[in-house]
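Q: generate a structure from the sequence data that follows.
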Amino acid sequence: MAVGHEKKVSGIYEKNRSGGYEQNISEGYEKNVLKPKNVWEEFFADKRSGGHRSSAEEFLAMEAREKLFHLDGGKTILDFGCGAGELLVYYAPEYEKTIGVDFSPSMLEEAGKRIRERNCENTTLILADDKTLWDRLNSPLDRITAAGVFQYLTYQEIDDFIFNASTYLNKDGKIVLFDMLDPRLYPLWKIGLFSQDNSCKKIISKAICGVRNTISSSLKRRPRDILGYSHYPGKIKKIANKNGFEMICVQSMYYEYKYHAIIFRS
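A: Numbers count the residues shown, from 1 in each chain. Modelled structure (predicted):
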């Protein structure tokens with residue numbers, strides 16, 4: 001990690017005590033990273049939880065076990081969009097070095113609290129986004145992962161991320177993109193088709209409301225869906241192939257409308 005850019009957990013709290021995390025970051029960096037550049041950064045600016053289906057530790061532990069199974073080893077891992085560190089603290093005991101990255105200071109503050117509570121001394125937090133992250137890395141990694149994050153990136157931004165990640169990935173490393181919104185299943189989930197107690201009337205009503213909300217958001221030039229963009233697995237695979245990788249797609253265990261993209265070199 002480049003000196004001056006890597007923020008250890010203890011460093012975060014020292015800065016908080018001395019007048020606020022944001023105020024202690026250089027003016028140029030504040031302009032580039034902290035100032036909301038799009039609606040998603042604005043949306044997450046003051047959020048303090050990662051938006052998992054449940055915030056119960058029992059559920060988070062189960063979700064982490066599923067993801068660790070697909071991560072399948074390695075010694076070093078970077079969790080992009082780590083949020084409040086809900087999964088990061090479960091990754092830390094399984095790796096020699098863990099790095100959590102997020103563009104939201106409030107999220108990193110919560111992640112720091114979790115990391116201190118769990119005594120994850122092998123964990124580093126970095127304040128950065130998908131574009132500024134790469135200048136803050138100086139050593140290769142075994143795993144680069146993200147959970148429920150890439151739905152806020154376009155196909156081009158995903159392409160750029162995978163290209164940049166490839167230069168910081170060890171020979172046998174993997175990029176694992178968890179919980180990607182599946183455009184074939186997500187619309188069905190939204191109208192309640194997977195719910196056990198929804199009637200046809202409720203499903204039709206939700207579908208109509210969804211259309212109205214989409215039109216309203218488009219007229220206001222806001223995102224059509226607050227959960228972001230859905231991405232076809234086939235298109236993600238083409239992006240992976242373009243960057244010299246293979247990809248397999250597996251269904252998410254705990255989110256029936258999401259899938260995991262496991263990207264690796266053949």
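Q: show me the shaky parts of the stretch 51-200 of the chain.
A: Along the stretch 51-200 of the chain, the model assigns pLDDT under 70 to residues 51-53, 189, 191-200.
Q: show me where it has its strands.
A: 76-80, 97-102, 123-127, 141-147, 169-181 (DSSP state E, counting those that start in this stretch).
Q: in CSV, list those strands along with mean neighbour count and distance to residue 265.
A: (C-beta placed from N, C-alpha, C; glycine too.) Formatted as CSV, the strands of the stretch 51-200 of the chain follow (neighbours: other C-beta atoms under 10 Å; distance: least, C-beta to C-beta, whole Å):
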stretch, mean neighbour count, distance to residue 265
strand 76-80, 24, 17
strand 97-102, 25, 21
strand 123-127, 24, 25
strand 141-147, 24, 12
strand 169-181, 21, 7
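Q: now render those strands as CSV, adding distance to residue 242.
A: Below are the strands of the stretch 51-200 of the chain laid out as CSV (distance: least, C-beta to C-beta, whole Å):
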stretch, distance to residue 242
strand 76-80, 20
strand 97-102, 24
strand 123-127, 27
strand 141-147, 17
strand 169-181, 13
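Q: for residue 88, give me its contacts.
A: Contact analysis of residue 88 by C-beta atoms under 8 Å, 6 or more residues apart in numbering lists 79, 82, 98, 100, 111, 114, 115, 120, 123.
Q: can you show me the helices along the stretch 51-200 of the chain?
A: For the stretch 51-200 of the chain, applying DSSP state H, counting those that start in this stretch gives helices covering 57-71, 88-91, 105-117, 155-166, 186-190, 200-219.
Q: now residue 54: how far from residue 97?
A: Computed with C-beta to C-beta, to the nearest Å, the distance linking residue 54 and residue 97 is 29 Å.
Q: residue 265 now?
A: For residue 265 relative to residue 97 (C-beta to C-beta), the value is 21 Å.
Q: state the helix or strand in which residue 250 lies.
A: strand 246-251 (DSSP states H and E).
Q: for the very next helix or strand once past that strand, packing partners?
A: For strand 246-251, the following helix or strand on the C-terminal side (DSSP H and E) is strand 258-264. Applying 3 or more C-beta pairs under 8 Å, 6 or more residues apart in numbering; DSSP states H and E, we find strand 258-264 packed against strand 169-181, helix 233-242, strand 246-251.
Q: kindly export strand 258-264 (C-alpha atoms) in CSV.
A: C-alpha atoms of strand 258-264 as CSV (Å, rounded to 0.1, in the frame of the first residue of the first chain):
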residue,chain,number,x,y,z
LYS,A,258,-29.1,-12.5,-7.6
TYR,A,259,-26.1,-14.4,-8.9
HIS,A,260,-22.4,-14.7,-8.3
ALA,A,261,-19.8,-14.2,-11.0
ILE,A,262,-16.6,-16.1,-10.3
ILE,A,263,-13.9,-14.8,-12.6
PHE,A,264,-10.5,-16.5,-13.0
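Q: the nearest residue to residue 250 once chain neighbours are set aside: neighbour count?
A: Spatially, and ignoring its direct neighbours in sequence, residue 250 is nearest to residue 260 (5.0 Å; C-beta to C-beta, 6 or more residues apart in numbering). When neighbours are counted by other C-beta atoms under 10 Å, residue 260 registers 22.
Q: gap between the closest residue to residue 181 other than its chain neighbours and residue 63?
A: Leaving aside its chain neighbours, residue 181 sits nearest to residue 230 (3.9 Å; criterion: C-beta to C-beta, 6+ apart). Per C-beta to C-beta, residue 230 is found 20 Å from residue 63.
Q: cool, residue 56 as well?
A: Separation of residue 56 from residue 63 (C-beta to C-beta): 10 Å.
Q: circling back: contact partners for the residue nearest to residue 250?
A: Per C-beta under 8 Å, 6+ apart, neighbours of residue 260: 70, 176, 177, 178, 179, 180, 249, 250, 251, 252.
Q: ok, the last one - contacts?
A: This means residue 252. 66, 178, 179, 258, 259, 260.
Q: same deal with the second one?
A: Contacts were defined as C-beta under 8 Å, 6+ apart; by that measure residue 176 touches 67, 70, 71, 143, 144, 145, 146, 260, 261, 262, 263.
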